[in-house]
Structures are given as structure tokens and as C-alpha cells.
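Undergrad: Give me coordinates for this.
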Amino acid sequence: MPFHLRNEDGQILAYRGQLAQRDVLERLIFRGRQLFIDAAEDYSGAWDESSGNGPILRPRGQNWYDYQEEANVLLRLPEDPRFLARLTRFHDHLRELAIANPDAALLALFYLSTIEVRFYSATHAMLVSVMCGLAARNVLNWPEDKERTLSLAALSMNVGMTELQDTLARQTTVLAPDQKVLVANHSSRSMSLLHRAGVTDPEWLEAVRMHHATFSGGLGAEVPWAERMAHLIQRADSFGARRAPRATRAPLVAARAMQSIYFDQNKQIDPAGAALIKAVGIHTPGSFVQLETGEVAIVVKRGQITTTPKVLVLTNGDGVALSRFIARDTALPGQRVARAVERSEIKISINLEKILAFA
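TA: Coordinates of the predicted model:
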């Protein structure tokens, strides 16, 4: 199978790479079962759909949990001969999703980054890539080729320590000496792995190598492109890390995490941090807020300004879960954001796919 085969609920019936016999699949269809594949996967030419009664496989819609799983597998295999082709294809699809509906992409990735730590490294890489791409396109007006190189570098910045990152997110003890060495050297190791995988773009490689450097300058034309890219990645990386939970601490609320990247080490406004905040908002899609009404809501869209997002109310002023969502525009009087809310304060279950329908 060149793709996961799913039922109508999205559950996987046969995993990519498994053997599947056509007669078995046809018996399932004869019994009234429908078979699905994810529309995000490249299955063109992989299956004969001319069965006489129409296609036996139907593309499913977007599923961010699947993208998270795919990135988790992909970024652990930088030495696979097919890595670069797969990375580029995955990146280009992720970028297309972010261009088509940036609010939905931000909502899904910010939400996923705060709910658990199993796929921390992959989710973090996807989030930083989308954030950097949005800032470069919509705020800084970078040329398309530079923006694409930036978001590729962001997605691949940690291939030298993907598995270790996931381990550290769950670890409750201090770093062991060998872990400290791997963390300290991961930028150079990531660059080397990418070069061996076939990456020849010097700006991509240099941005990965420098993405943990300290920057105090601007993003002007006098600054080399690789340094500008690394600066944006470093700020977005820092923000994403503060938003994600660890076994030893809860994530920072979005507004506090944003404040931490707005100023540089000299207490001056950081141009990269400012661009990212303008791109994604103070209260990012996927974060939670309490309104002046006392209602608690999830942010689903950015507003006209960074502090006035569009939200869906989850609980009323008494903390009771609502039977249906209520949309609010926090730019309106009486509905403004009173405070940011930590994910741990939300005591109700959330269906991401239903929320995404409003983004």
C-alpha cells in the first residue's frame, strides 16, 4: 500500500507499506463498507480506479493528526535515501495549506502543540515553519523563493535530534552528559545530515546551522539572507518551545510567550519577534481566552489587530459547557478579551475537526 487505507471514520484499516489484496478490498465494498485515503497523500497512479463501478477509493479531507504522524515519521529518517524528496513534498503541502487557510493551520498546530508531548518535535517543526512562512509572506514581503527556503529550513532545523527532543519533552530528570552534548551540537548535526541528504542550498543549510544563534540586529537588506532566516527561526522556535508542555512544567499562555520574543537580550524591540506577532496575533488561533462576559473561548481566527481575535465560546460565565458554539468578535464592546487562559484550565473535551470548521 502506498498510502494508509481508512474507513469512513478515518480509522486505519491497512498501513502504508503493508500488502493488501484487491479481492479482500472488494469483499469489504460488497459488504457495504467504503474505503478512504487521505487527500493530502500522493496516490496518483498508485491504484487502478477504473473498476467499472467507479473508484473503489475515495479521498478523505484534511486530518491534522495524520499530518502530525507523518511528520513524526519523516523527521526521524534524515538518512533515508528518499528523505529529501519526501521532506520537500510534505513541506510544499503544508505550505499550501497555510497559504489557503492560515487561521486553520495555526489553529490546528497551536492546539496540537499544547495538548500532549508524544509528537513534540514534529509538531513544533511544523508550527515554526508555518509561523515563519506567514511572517515572511504577509509582513516582511520577502520574495517567494526566500520565504520557501526559510520555511524548509524551519521544518528541518532539528532533524539532528528529533527523537531526543521527544524524549526530553517527557523526561523529568536533568539532562545526562551525553544528552547535553547532543543538544549543544544539534544545529551543526542537522546541517550535516541535510547536506548528506542532498540539500545544496547554502542559505537553507546556513539558516539551520545558525538557528540558535543570538541576534541583535535587524532584518534589513544589509543582513545576509541566511542570517535573516535564522533570526526568524530562532524567535519562532523560542515562542513555540514556551507554548508547548513538558513533563516538568505547563506551557505558557500565548500572550506571555509572545511577550518573551518581542524584546531582544538588550531590551530592544526584536524585529523578527515583532513580525511574528503581527503575523499570528497576540492571542493566536488555538489558544484560549476569557472574555469580559466571563465566558471561556477558543481563538479560531486572527482579528484586524493582534489583540482582537475571533473566538468560539466553550463555557458560559458560570463555567458550564455550552451545547453549541457561540461565535464572538472580541473587537466589539463587552466581548473583549479579559485574560489569556491556560490549556489546563479547560475541563471539557474539544473536537478539533469541529472547531476547524469555523476557521
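
Undergrad: And the strands in the stretch 1-150 of the chain?
TA: For the stretch 1-150 of the chain, applying DSSP state E, counting those that start in this stretch gives strands covering 5-6, 12-14, 35-38, 57-60.

Undergrad: Pick out the shakiest of the ones you listed, pLDDT-wise.
TA: Lowest mean pLDDT within those: strand 57-60, a mean of 40.

Undergrad: which other residues reach the lengthiest helix in the chain?
TA: Assignment by DSSP state H gives helix 177-197 as the longest helix of the chain. Outside helix 177-197, the residues within contact range by C-beta atoms under 8 Å, 6 or more residues apart in numbering are 78-79, 83-84, 87, 156-161, 164, 168, 175, 204-206, 208-212. C-beta: built from backbone N, CA, C; applies to glycine.

Undergrad: For that helix, what is the distance to the chain centroid?
TA: Centroid separation for helix 177-197 versus its chain: 22 Å, with C-alpha atoms, centre = their mean, to the nearest Å.

Undergrad: moving C-terminal of that helix, what's the next helix or strand?
TA: helix 202-209 (DSSP states H and E).

Undergrad: Now do the helix or strand following that following helix and helix 202-209, the angle between them.
TA: As assigned by DSSP H and E, the chain's next helix or strand after helix 202-209 is helix 225-243. Helix 225-243 runs at 40 degrees relative to helix 202-209, counting by axes from the mean of the first three to the mean of the last three C-alpha atoms, to 10 degrees.

Undergrad: Dump helix 225-243 to CSV, restricted to CA.
TA: In CSV, the C-alpha atoms belonging to helix 225-243 read as follows (Å, rounded to 0.1, in the frame of the first residue of the first chain):
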residue,chain,number,x,y,z
TRP,A,225,19.6,36.2,3.8
ALA,A,226,20.7,33.2,5.8
GLU,A,227,21.1,35.3,8.9
ARG,A,228,17.7,36.9,8.5
MET,A,229,16.2,33.4,8.1
ALA,A,230,18.0,32.1,11.2
HIS,A,231,16.8,35.1,13.2
LEU,A,232,13.1,34.5,12.4
ILE,A,233,13.5,30.8,13.0
GLN,A,234,15.2,31.5,16.4
ARG,A,235,12.3,33.7,17.5
ALA,A,236,9.6,31.4,16.4
ASP,A,237,11.4,28.4,17.8
SER,A,238,11.6,30.2,21.2
PHE,A,239,8.0,31.0,21.1
GLY,A,240,6.9,27.5,20.2
ALA,A,241,9.0,26.0,22.9
ARG,A,242,7.4,28.2,25.5
ARG,A,243,3.9,27.3,24.3
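
Undergrad: Show me what the helix or strand following that helix is packed against.
TA: Using DSSP H and E, the helix or strand that follows helix 225-243 towards the C-terminus is helix 254-262. With contacts taken as 3 or more C-beta pairs under 8 Å, 6 or more residues apart in numbering; DSSP states H and E, helix 254-262 sits against helix 225-243, helix 271-280, strand 337-341.

Undergrad: now the second one, how far from the chain's geometric center?
TA: In terms of C-alpha atoms, centre = their mean, the centre of helix 271-280 is set 17 Å apart from its chain centre.

Undergrad: shouldn't Val223 be in contact with Met210?
TA: No: under the criterion of C-beta atoms under 8 Å, Val223 makes no contact with Met210, lying 11.7 Å away.

Undergrad: Between those two, which is the more surrounded one?
TA: Each of Val223 and Met210 has its neighbours counted (other C-beta atoms under 10 Å); Met210 has more, 21 against 15.

Undergrad: Distance of the nearest residue to that one once chain neighbours are set aside relative to Ile269?
TA: Distances taken as C-beta to C-beta, 6 or more residues apart in numbering place Ala230 nearest to Met210, at 3.7 Å, with adjacent residues excluded. According to C-beta to C-beta, to the nearest Å, Ala230 and Ile269 sit 19 Å apart.

Undergrad: and what of Val208?
TA: Val208 is 26 Å from Ile269, by C-beta to C-beta.

Undergrad: Ok, Asp145 next?
TA: 28 Å.

Undergrad: of the contacts of helix 177-197, buried ones?
TA: If you count burial by 16 or more other C-beta atoms under 10 Å, the buried members of the contacts of helix 177-197 come out as 78, 83-84, 87, 156-161, 164, 168, 204-206, 208-212.

Undergrad: Extract the C-alpha set from stretch 267-274 and format it as CSV.
TA: C-alpha atoms of stretch 267-274 as CSV (Å, rounded to 0.1, in the frame of the first residue of the first chain):
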residue,chain,number,x,y,z
LYS,A,267,15.6,45.0,25.9
GLN,A,268,15.1,46.5,22.4
ILE,A,269,12.2,45.5,20.2
ASP,A,270,13.2,42.5,18.2
PRO,A,271,12.2,42.9,14.5
ALA,A,272,11.8,39.2,13.9
GLY,A,273,9.7,38.8,17.1
ALA,A,274,7.6,41.8,16.1
